[in-house]
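Colleague: can you look at this prediction? I've put the sequence above it.
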Amino acid sequence: MNEKRINVAIDGTSSSGKSTMAKALAKAVGYTYIDTGAMYRCVALFCMRHHLIVNGKVDEHQLLPLLPNIHIQFRIEDGKQVAYLNGENVESEIRGLEVSNNVSPVAAIAGVRHAMVRLQQEMGKKCSPMPKSSSS
């Protein structure tokens, strides 16, 4: 069977419920949810771990060549989606205040945004429609 797939993007202001809505929609229609916010949080965590953020400023010149070394995946564990950074479950860590405080300067870097968009597109191509539950 040749299934057509579409990608759905939801845009909006911070804390407006985008993720909640996207997760519910993905589950309802059997799609894979790509948490783009978590991806930027993973990059921020990577920067923090490699001392690339000092006084709220990212060392862009050191970060950009390292972007190919940042591998982000999403996996389902115990019925919930979790983020992995370079093979490590970092879901709890990326939701903390310290990472939250460092996401914006990381996301402001054009090279980071381009790398994340490429990764999102790759993930979107690899995602097959998820089977609907029998209660659908």
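Modeller: Thanks, I have the structure now. Computed from a prediction, not measured in an experiment: that's the story for all the values here. Numbering: from 1, shown residues only.
Colleague: give me the residues contacting the top helix by length along the chain.
Modeller: Counting residues, the longest helix found in the chain (DSSP state H) is helix 110-126. Helix 110-126 has contacts (C-beta atoms under 8 Å, 6 or more residues apart in numbering) with 7, 32, 34, 36, 39-40, 43, 60, 63-64, 67, 70, 72, 74, 106-107. Any C-beta I mention is one placed from the backbone N, CA and C, and that applies to glycine too.
Colleague: next: stretch 54-67.
Modeller: Residues outside stretch 54-67 that contact it (C-beta under 8 Å, 6+ apart) are 46-47, 50, 52-53, 101-102, 105-106, 109, 111-112, 115.
Colleague: list the buried residues of that stretch.
Modeller: The neighbour-count check on stretch 54-67 (16 or more other C-beta atoms under 10 Å) flags Val58, Glu60, Leu63, Leu64, Leu67 as buried.
Colleague: and the host helix or strand of the fourth one, how far from the chain's centre?
Modeller: Meaning Leu64. Assigning secondary structure by DSSP states H and E places Leu64 in helix 60-66. A distance of 19 Å separates the centroid of the chain from that of helix 60-66, by C-alpha atoms, centre = their mean, to the nearest Å.
Colleague: after that helix, next one along is what?
Modeller: Trace forward from helix 60-66 with DSSP H and E and the next one is strand 72-77.
Colleague: so what's the most centrally placed residue in the chain scoring on pLDDT?
Modeller: Centroid-nearest residue in the chain, with C-alpha atoms, centre = their mean: Met39, separated by 2.6 Å. Looking at Met39, its pLDDT stands at 96.
Colleague: just the element for it, please.
Modeller: Per DSSP H and E, Met39 falls inside helix 36-49.
Colleague: can I get that helix in CSV, CA atoms only?
Modeller: In CSV, the C-alpha atoms belonging to helix 36-49 read as follows (Å, rounded to 0.1, in the frame of the first residue of the first chain):
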residue,chain,number,x,y,z
THR,A,36,11.6,20.7,17.7
GLY,A,37,11.9,22.6,21.0
ALA,A,38,13.5,19.5,22.6
MET,A,39,16.0,19.5,19.8
TYR,A,40,17.1,23.1,20.6
ARG,A,41,17.2,22.1,24.2
CYS,A,42,19.5,19.2,23.4
VAL,A,43,21.9,21.6,21.5
ALA,A,44,21.9,23.9,24.5
LEU,A,45,22.7,21.0,26.8
PHE,A,46,25.5,20.0,24.5
CYS,A,47,26.9,23.6,24.6
MET,A,48,26.7,23.7,28.4
ARG,A,49,28.5,20.3,28.7
